[in-house]
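Student: Here is the input, now give the coordinates:
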Amino acid sequence: MRVYVARILFPIKVLGPGDRLGIWFAGCNHKCKGCSNPELWVQKKEWKMEISDLLRIIKIISGTRRIDGFTITGGDPFEQPEALNELLCGLKEIADDILVYTGYRYSQIKDRYSEVLKKISVLIDGPYIEERNRGKRLKGSDNQRIIYLDSDIRKKYLAYLKGKHADIQNFSTGDSVISVGIHLPGYSDDLDRKAKEKGLLKNE
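Tutor: Model (predicted):
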C-alpha cells in the first residue's frame, strides 16, 4: 500500500515526551485558517511512497537511535485511514507511544475507524482555530482535546504538559528550514522577517 508522506523528522522534542520520530501526512480537507502547514493540504506525486519503504527507513533510524515515540500529523492522517492503519501496525513494533493529530472530532471517527484508534496511544482532535491559539504544549488551539486512548501513558504526558509554553524546534534541510511545534499566530510573517534580516530571503 502507498501513502502520501511529505516529511519525516527525528528527533522531535516539541510534539510529545522524549525523542520522537515525526511523520507528516499530506492531504487535508479542513483547510483551517492560520494552519502552520498549508503546503500539506495537497497530495503531490513526489510524496507518494510505499509504506514498506517508509517503515524500512524508520527501522534504520531505530537501529542506531532510540525512538521514544511517534507523532503523526500533517495534513490530516485520517484522510488516508487505510494507509494510516497499516503504518501503525509497523510502528507498534518499534514504540508503543503513538500520538496522532486530526482535524476531525473523536465522535466523527470513533466508530468508523475503531480499529485504527486501537493502535493509537494519544489522539489530539478537532480543527485548528487561530483565534483560540494560546501557545500551549501539544494543542494548537484550546478547542482541541488530548484524548488518552491508552490510559497507561497518561502519567508520562501529564508530566510533559507541565511546561507552561510550547517550544519550537527548527530543522535545516539544506536550502530551507522546517519549523516544528505549536506556533503562535503570525509566526510565518515573523519567521520571514527574521530570515530577511539574516539575508536568507530577498526583500520584495
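
Student: ok, and the closest non-adjacent residue to the residue positioned nearest the centre of the chain?
Tutor: Residue closest to the average C-alpha location in the chain (CA atoms, centre = their mean): residue 73, at 2.8 Å. Among residues not flanking residue 73 along the chain, residue 101 sits closest, at 4.2 Å (CB to CB, 6 or more residues apart in numbering). In short, each C-beta sits where N, CA and C put it, glycine included.

Student: so how far is residue 25 from residue 151?
Tutor: Using CB to CB, to the nearest Å, we find residue 151 at a distance of 26 Å from residue 25.

Student: Show the contacting residues for the residue nearest to residue 73.
Tutor: 71-74, 76-77, 124 (CB atoms under 8 Å, 6 or more residues apart in numbering).

Student: What of residue 40?
Tutor: 6, 24-28, 74-75.

Student: Most neighbours among these, which one?
Tutor: Highest neighbour count within the contacts of residue 40, by other CB atoms under 10 Å: residue 75, with 30 neighbours.

Student: That residue contacts residue 25, correct?
Tutor: Yes. Using CB atoms under 8 Å, residue 75 makes contact with residue 25 at a distance of 4.2 Å.

Student: between the two, what contacts are shared?
Tutor: Looking at what touches both residue 75 and residue 25 (by CB under 8 Å, 6+ apart), the common residues are 4, 6, 40.

Student: from the residues you listed, which is closest to residue 66?
Tutor: Closest approach to residue 66 among the shared contacts of residue 75 and residue 25 (CB to CB): residue 6, at 24.7 Å.

Student: Can you classify that closest one as helix, strand or coil?
Tutor: Following DSSP: H, G, I helix; E, B strand; the rest coil, residue 6 is assigned to strand.

Student: Find the residue ranges of the protein scoring beneath the pLDDT cut-off.
Tutor: 164, 186-196, 198-204 (pLDDT under 70).

Student: Okay, helices next: where are they in it?
Tutor: Ranges of helices in the chain, per DSSP state H, are 51-64, 81-91, 106-109, 114-117, 154-160, 187-197.

Student: how about the CA coordinates for stretch 9-28, as CSV?
Tutor: Output in CSV follows, covering the C-alpha atoms of stretch 9-28 (Å, rounded to 0.1, in the frame of the first residue of the first chain):
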residue,chain,number,x,y,z
LEU,A,9,12.0,14.2,11.1
PHE,A,10,14.0,12.9,14.0
PRO,A,11,14.4,13.7,16.9
ILE,A,12,11.3,15.7,17.6
LYS,A,13,11.3,17.0,21.1
VAL,A,14,8.4,19.5,20.9
LEU,A,15,5.4,17.3,20.0
GLY,A,16,5.3,14.9,22.9
PRO,A,17,7.6,13.4,25.5
GLY,A,18,11.0,12.0,24.7
ASP,A,19,12.9,11.8,21.4
ARG,A,20,10.2,11.2,18.9
LEU,A,21,10.0,10.5,15.2
GLY,A,22,7.6,12.8,13.4
ILE,A,23,5.7,11.8,10.3
TRP,A,24,3.8,14.4,8.3
PHE,A,25,1.0,13.0,6.1
ALA,A,26,-0.1,15.1,3.1
GLY,A,27,-3.7,15.8,2.2
CYS,A,28,-6.2,17.8,4.3
